[in-house]
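Undergrad: what would the 3D arrangement of this be:
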Amino acid sequence: MKFSTNYIIFPPNKALERAIADSIGMLSKEAAAAAMPDTKIAVADNFRYARGNYEQHRFSARIYESLCEALEASLTDTTDTGALAAKIIRAREPLVWAETQNNLGNILAALGQQRRDATLFERAILCFGKALEEFSQESSPPEWAATQYNLGTANQALGRLLDATKPLKIAVDAYTNALLVWTRERSPEDWMYAMHQLGATLHTFGKLLKGNRQFQKSVVAYKNALAALDADNYPLELTATHSNRAAALHHLGESEENPDRLKEAINSYEKALTVSMEQQLPIHVAVICRVNKATAQNVLAQLTNDAVLAEEIADEFEVIMECFPHALQPLCLKHCQEQLKMAQSQLQVINR
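TA: Below is the predicted model:
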């Protein structure tokens, strides 16, 4: 079946930000200065939190390429050091070498997302594999779990890019491994992020397999993540988890042709919208939640032949397009236009 479009909200990638912060000292002062984002001019970023797992805003993405070069130079055996990086010898400093592989992998993956380049993701995955040759669950559990998480996130992004199930299966296994170390009691934040990303991977996996079982697992993973979240400390993560859980329920409801699942999705989208508004997140986050909610309601109206709901949804999409054109990405605007036509057509059919 063809699932309706809904939009995922991605939480911050703290592993990527740490990789940049840890590596920026390898660059010259001039190159490092380019890492700072330009804050002199206020520009609305309507793509923030919607571009993917490797989006971050603490540093400028302009330095990804130079950081990759510096990190790779530090790991080579040649005498030419390049940049300002000192050589990191695996035999002498195995854990430092492994952590450098982790940093390189995260930045390569960010560059891969920016360029939509599967080869860069594959290179990142190789880096995480090398790091796991030194980090083990027994001897360095925190580092091993963090690397497993990185491996999962890169494979998740690659699977989404290629619409391929194999990387998604690897991602599920990697997040599951990370959760062997990161427990809710000992590492609540890490546990929450891993649960969230596991939910996102299973949702994508379910869409490719058209499998209700994967959707159901996704809903459970997101529900687990919600247990470690609150609006004051994690407003974006709470909004994203409610909204992304709703997206999985939304597609599960379509797959099962189950109105109750769709109503549960609509309720979860509403919770996401409430948090985003109360916590004053960027307006486009609230608009994403609103578009998702109206889309699920449109599916419900078609499934139940509800003329009143169809009319409400047609009005809602008109309001969204009229009041928030600045907060809609071009493809999202096209989606809203298509949903409006669908609701209007459904209304005409019902009223005949």
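Undergrad: what about residue 240, neighbour count?
TA: The number of residues packed near residue 240 is 29, by other C-beta atoms under 10 Å. To be clear about C-beta, it is placed using only N, CA and C from the backbone, and glycine gets the same treatment.
Undergrad: so it sits right up against residue 12, yeah?
TA: No - Residue 240 lies out of contact with residue 12 (C-beta atoms under 8 Å); the separation is 9.6 Å.
Undergrad: from residue 268, how far out is residue 274?
TA: Here residue 274 is placed at a distance of 11 Å from residue 268 (C-beta to C-beta, to the nearest Å).
Undergrad: next: residue 118.
TA: 32 Å.
Undergrad: okay, these two: which has more neighbours?
TA: Counted by other C-beta under 10 Å, residue 118 and residue 268 do not tie: residue 268 has more neighbours, with 28 against 15.
Undergrad: tell me the helices and strands packed up against the helix or strand containing that one.
TA: In this structure, residue 268 is located in helix 259-278 according to DSSP states H and E. Judged by 3 or more C-beta pairs under 8 Å, 6 or more residues apart in numbering; DSSP states H and E, helix 259-278 is in contact with helix 235-256, helix 283-304.
Undergrad: the first one packs against which elements?
TA: Translated: helix 235-256. Under the contact definition 3+ C-beta pairs under 8 Å, 6+ apart, helix 235-256 sits against helix 188-209, helix 212-226, helix 259-278, helix 283-304.
Undergrad: distance to residue 3 and mean pLDDT for these - can I get that in JSON lines?
TA: What follows is those, written out as JSON lines (distance: least, C-beta to C-beta, whole Å; pLDDT from 0 to 100):
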{"stretch": "helix 188-209", "distance to residue 3": "6", "mean pLDDT": "97"}
{"stretch": "helix 212-226", "distance to residue 3": "10", "mean pLDDT": "97"}
{"stretch": "helix 259-278", "distance to residue 3": "12", "mean pLDDT": "98"}
{"stretch": "helix 283-304", "distance to residue 3": "10", "mean pLDDT": "96"}
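Undergrad: dump the ones you listed into JSON lines; add distance to residue 19 as well.
TA: Output for the helices and strands packed on helix 235-256, formatted as JSON lines (distance: least, C-beta to C-beta, whole Å):
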{"stretch": "helix 188-209", "distance to residue 19": "15"}
{"stretch": "helix 212-226", "distance to residue 19": "23"}
{"stretch": "helix 259-278", "distance to residue 19": "28"}
{"stretch": "helix 283-304", "distance to residue 19": "25"}
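Undergrad: ok, residue 173 to residue 179 distance?
TA: In terms of C-beta to C-beta, residue 173 sits 11 Å off from residue 179.
Undergrad: higher neighbour count, those two?
TA: With neighbours defined as other C-beta under 10 Å, residue 173 and residue 179 compare such that residue 179 has more, 21 against 15.
Undergrad: let me see the contact set for the more buried one.
TA: 191, 194-195, 198 (C-beta atoms under 8 Å, 6 or more residues apart in numbering).
Undergrad: 10 Å instead, please
TA: By C-beta atoms under 10 Å, 6 or more residues apart in numbering, residue 179 lies in contact with 145, 148-149, 187, 190-191, 194-195, 198, 221, 224.
Undergrad: buried subset of those residues?
TA: By neighbour count, with 16 or more other C-beta atoms under 10 Å, these hold 145, 148-149, 187, 190-191, 194-195, 198, 221, 224 as buried.
Undergrad: pull the most distant pair out of the residues you listed.
TA: Maximum pairwise distance among the buried ones among the contacts of residue 179 (C-beta to C-beta): 17.4 Å, between 148 and 224.
Undergrad: rewinding a little: mutual contacts of residue 240 and residue 12, please.
TA: With C-beta under 10 Å, 6+ apart, residue 240 and residue 12 have common neighbours residue 49.
Undergrad: thanks again, I'm all set now.
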